[in-house]
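Novice: sequence plus predicted model, see below.
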Amino acid sequence: MQLTVLGCSGSFAGPGAPASGYLVEAEGYRLVMDLGNGTLSVLSALLDPFAIDALLLSHLHPDHCADFTSLIVHRRFHPEPPFDPRRHKLDVYAPAEAPSRLAAAHAPCAKELAETDLGDVFAFHSLAAQTLHLGPFEVTVFPVLHVCQAFGFRIRHGDTVLAYTGDTAMTPALEELAADADALLCEASWTHGPDRPPALHLSGREAGELAARAGAKRLLLTHIPPWTDPGAVIAEAKESYGARPTVVSSGSRYAI
């Protein structure tokens with residue numbers, strides 16, 4: 001299983017740094033998790049977006065799904081698609097409101113919105129606590145704690161596990177999600193402090209504590225906003241995890 005980071009800037013795209021998006025590959029199957037601002041450009045440099053086999057959206061904040069509007073245009077209007085995208089729709093696994101919310105993001109006026117049905121080129125599937133079988137992957141979906149409906153994903157390929165928290169505050173579900181994972185791709189949006197907003201994000205310290213309790217073999221930190229000092233987040237996570245974590249960057253690849 002290979003993980004490619006399309007983008008990882010937290011909350012919004014930073015200078016030269018796309019927001020959240022990840023490509024997970026095994027046995028020729030290509031699974032994309034999140035498609036935030038700037039990520040489709042990075043993905044397109046790696047492969048034809050028509051080659052995506054499935055898309056998971058952890059939640060519907062723009063830094064995790066904004067480039068979906070560009071994917072709509074690509075699948076609808078490409079002059080020479082490799083197949084008929086209306087007959088071979090892309091499976092999109094996302095929160096229940098995704099079809100209406102993403103249509104509204106795409107259509108700028110009421111008339112166009114009334115005529116917009118993304119079901120022409122996408123097949124939407126509402127996420128819940130469940131297990132999905134996508135190509136060679138077993139994907140266990142965990143509801144997590146955020147200001148909107150949000151999910152984390154535990155992706156298994158054979159005996160190998162990649163756990164992705166998505167955006168979340170600390171919640172008991174995370175320990176099951178991350179248990180004995182070969183790699184934990186964990187958000188760490190700020191340093192720890194009593195003044196942090198509740199039910200929103202993890203600190204570096206909390207990311208390290210989660211990885212340590214869950215027995216994750218490797219901690220990959222992501223979703224650090226441009227205004228947060230990554231060195232301070234690393235220091236917190238290292239102290240609580242007991243080993244130095246890796247801060248991911250756009251374009252980086254990891255064999256899991």
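Specialist: Arrived safely, thanks for sending. Numbering: from 1, shown residues only.
Novice: alpha carbons only for contacts and neighbour counts from here, please
Specialist: Fine.
Novice: which parts of the stretch 51-200 of the chain are helices?
Specialist: Secondary structure of the stretch 51-200 of the chain (DSSP state H, counting those that start in this stretch): helices at 62-65, 68-77, 98-106, 110-114, 173-178.
Novice: and of those helices, who's closest to residue 194?
Specialist: Closest to residue 194 of those, according to C-alpha to C-alpha: helix 173-178, at 21.0 Å.
Novice: contacts for that closest one?
Specialist: Under the contact criterion C-alpha atoms under 8 Å, 6 or more residues apart in numbering, helix 173-178 has outside partners 142-144, 152-154, 163-165, 184, 210-211, 213-216.
Novice: taking those, tell me the two that lie furthest apart.
Specialist: 143 and 215 (20.5 Å).
Novice: of these two, who's got more company?
Specialist: Neighbours were counted for residue 143 and for residue 215 using other C-alpha atoms under 10 Å; residue 143 has more, 22 against 18.
Novice: hey, what's the more buried one bridged with?
Specialist: Residues in a beta bridge with residue 143, per DSSP bridges, are residue 151.
Novice: correct me, but it touches residue 151?
Specialist: Yes. If you go by C-alpha atoms under 8 Å, residue 143 and residue 151 touch, sitting 4.5 Å apart.
Novice: by mean pLDDT, show me the worst of the helices of the stretch 51-200 of the chain.
Specialist: When the helices of the stretch 51-200 of the chain are compared by mean pLDDT, helix 110-114 comes last with a mean of 75.
Novice: is residue 33 in a helix, a strand, or coil?
Specialist: Secondary structure for residue 33, judged by DSSP: H, G, I helix; E, B strand; the rest coil, is strand.
Novice: count the neighbours of it for me.
Specialist: 23.
Novice: distance of it from residue 158?
Specialist: Counting by C-alpha to C-alpha, to the nearest Å, the gap from residue 33 to residue 158 is 19 Å.
Novice: what do you get for residue 174?
Specialist: To residue 158, residue 174 is 21 Å away according to C-alpha to C-alpha.
Novice: same check on residue 14?
Specialist: From residue 14 to residue 158 the distance is 36 Å (C-alpha to C-alpha).
Novice: neighbour count winner among those two?
Specialist: Ranked by neighbour count (other C-alpha under 10 Å), residue 14 and residue 158 place residue 14 first, with 18 against 10.
Novice: for the more buried one, give me the pLDDT.
Specialist: Reported pLDDT at residue 14 in the predicted model: 91.
Novice: phi and psi next, for the residue nearest to it when sequence neighbours are not counted.
Specialist: Closest residue to residue 14 apart from its sequence neighbours, by C-alpha to C-alpha, 6 or more residues apart in numbering: residue 226 at 5.6 Å. Main-chain torsions, residue 226, degrees, to the nearest 10: phi -60, psi -30.
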